[in-house]
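Undergrad: Following is a predicted model, sequence given first.
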Amino acid sequence: MSDTRQKKYGEAPAPRGPRPAGRATERRSFHEESRNDRERGRRSEAPRRQYSSFTGEQAERPSRRQEEFSGWSRPGQREARAPRDARPSPWQMESELLPALPDVVRRELDALGQALRTVRPLRSAHYRNLPADIEALSRLLTCERSGLYRPYWSSPASTSAYLYYFLPWNVLRLARLFRSLPLPDPRLWLEKGQTPLLLDGGSGPLSVPLALWLARPEWRALPIQVLAVDNAVQPMELGCGVMAAWGDILGQPVWQVRVERGSSVRNVICAPGCSRRPTCSTN
């Protein structure tokens, strides 16, 4: 009977006698047992666990087959391998993915700032607020995307922050990438009597056409047509103005850009002789 029941009902505790002789066992600690075994010159009946030290020799593990480490296949799973007669991919890179730009191209990239000031000039007060606007737009595009319930192009501060900070960095990264990728030569279409077309979905301020135009100077004089598609027309028109002003500063021809938003289609001609600067002519 438990002690709780005895206290509750006032019952006398049952007498406890000595334990049977068969249940009495001598309990010794592990250290006492090991010391007695060493004194008697014999090993303990229970095998002791071997612990490896930093200075001791480690037991060699059995070597696994090389097939178990190849790919992401699990042990016992057959690995999917490419056939032996497969042709090599045409996209194999022979150089680094983002090579450094040549000095000539870097000097042309420096002129992008002058083109931006031509298309979207800022007052001194706007220049002072530009770092704070860039920081606010960076948070809006990353950790505060839940507040992006409307296009940030509707805000003049966000538009200036994107053009003066994010656009040059995007053009630099994409230009380095386009110089290393084995892009198809547009002159192949010209030899067949066709006009090469560059489709830029989600174009924004024409970051991809601007970077490709900078990275491949040998293609600037070709009659390449650019189709820019985006939900907002304003950033594409600003990018068209930047391309036209950039070409005027460098004395280089630019490509014809067609801006499309939904069912409305506008033909924006970015040419050195454009009459409606800096937003270019719209047909």
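TA: Sure thing, it's come through. Numbers count the residues shown, from 1 in each chain.

Undergrad: low pLDDT regions in this protein?
TA: Low-confidence segments of the chain (pLDDT under 70): 1-95, 149, 262-283.

Undergrad: Strands along that one, start to end?
TA: 197-201, 225-229, 256-261, 264-269, 281-282 (DSSP state E).

Undergrad: So in that sheet, which strands flank the third one, and in what orientation?
TA: Each strand paired with strand 256-261, and its direction, by DSSP bridges: strand 225-229 (parallel), strand 264-269 (antiparallel).

Undergrad: Run the angle between the first one and strand 197-201 for me.
TA: Looking back up the chat, that one is strand 225-229. 10 degrees (axes from the mean of the first three to the mean of the last three C-alpha atoms, to 10 degrees).

Undergrad: Show me which residues of strand 225-229 are buried.
TA: By 16 or more other C-beta atoms under 10 Å, the buried positions in strand 225-229 come out as 226-228. Every residue, glycine included, has its C-beta placed from N, CA and C.

Undergrad: and if you look at stretch 127-138?
TA: 130, 133-134, 136-137.

Undergrad: from the residues you listed, which single one is nearest residue 156?
TA: Of all the buried residues of stretch 127-138, residue 156 sits closest to residue 133, with 9.2 Å by C-beta to C-beta.

Undergrad: Which ones among the buried residues of stretch 127-138 map onto helices?
TA: 130, 133-134, 136-137 (DSSP state H).

Undergrad: I'd like those laid out as a markdown table, including distance to residue 162.
TA: Converted to a markdown table, those look like this (distance: C-beta to C-beta, whole Å):
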| residue | distance to residue 162 |
| --- | --- |
| 130 | 11 |
| 133 | 9 |
| 134 | 9 |
| 136 | 11 |
| 137 | 6 |
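
Undergrad: ok, residue 217 - contacts?
TA: By C-beta atoms under 8 Å, 6 or more residues apart in numbering, the contact list for residue 217 reads 104-105, 252.

Undergrad: Pull out the buried members of the residues you listed.
TA: Using 16+ other C-beta under 10 Å as the burial test, the contacts of residue 217 include residue 105 as buried.

Undergrad: ok, of the contacts of residue 217, which one's closest to residue 169?
TA: residue 105 (15.6 Å).

Undergrad: To what extent is the residue nearest to that closest one when sequence neighbours are not counted buried, counted in neighbours?
TA: The shortest distance from residue 105 to any non-neighbouring residue, by C-beta to C-beta, 6 or more residues apart in numbering, is to residue 214 (6.3 Å). As a burial measure, residue 214 scores 26 neighbours (other C-beta atoms under 10 Å).

Undergrad: hang on, isn't residue 214 packed against residue 109?
TA: Yes: with contacts counted by C-beta atoms under 8 Å, residue 214 reaches residue 109, the gap being 6.3 Å.

Undergrad: Give the intersection of the neighbour lists for those two.
TA: Contacts common to residue 214 and residue 109, judged by C-beta under 8 Å, 6+ apart, are 171, 175.

Undergrad: and the residue nearest to residue 105, how far is that from residue 108?
TA: 6 Å (C-beta to C-beta, to the nearest Å).

Undergrad: Equivalent analysis for residue 131, please.
TA: 26 Å.

Undergrad: Where do the helices of the stretch 151-283 of the chain begin and end?
TA: 156-161, 167-180, 187-191, 207-215, 234-250 (DSSP state H, counting those that start in this stretch).

Undergrad: Could I get the buried residue list for the longest one?
TA: Going by neighbour count (16+ other C-beta under 10 Å), the buried part of helix 234-250 is 235-248, 250.

Undergrad: send the alpha carbons of it over as CSV?
TA: Taking C-alpha atoms only, helix 234-250 is exported to CSV below (Å, rounded to 0.1, in the frame of the first residue of the first chain):
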residue,chain,number,x,y,z
GLN,A,234,7.1,55.4,-68.7
PRO,A,235,10.3,53.4,-67.8
MET,A,236,10.6,52.1,-71.4
GLU,A,237,10.3,55.6,-72.8
LEU,A,238,12.9,56.8,-70.3
GLY,A,239,15.2,54.0,-71.4
CYS,A,240,14.7,54.9,-75.0
GLY,A,241,15.7,58.4,-74.3
VAL,A,242,18.8,57.2,-72.4
MET,A,243,19.8,55.1,-75.4
ALA,A,244,19.3,58.0,-77.8
ALA,A,245,21.3,60.4,-75.7
TRP,A,246,24.0,57.9,-75.0
GLY,A,247,24.4,57.3,-78.8
ASP,A,248,24.7,61.1,-79.4
ILE,A,249,27.3,61.5,-76.7
LEU,A,250,29.4,58.6,-78.2
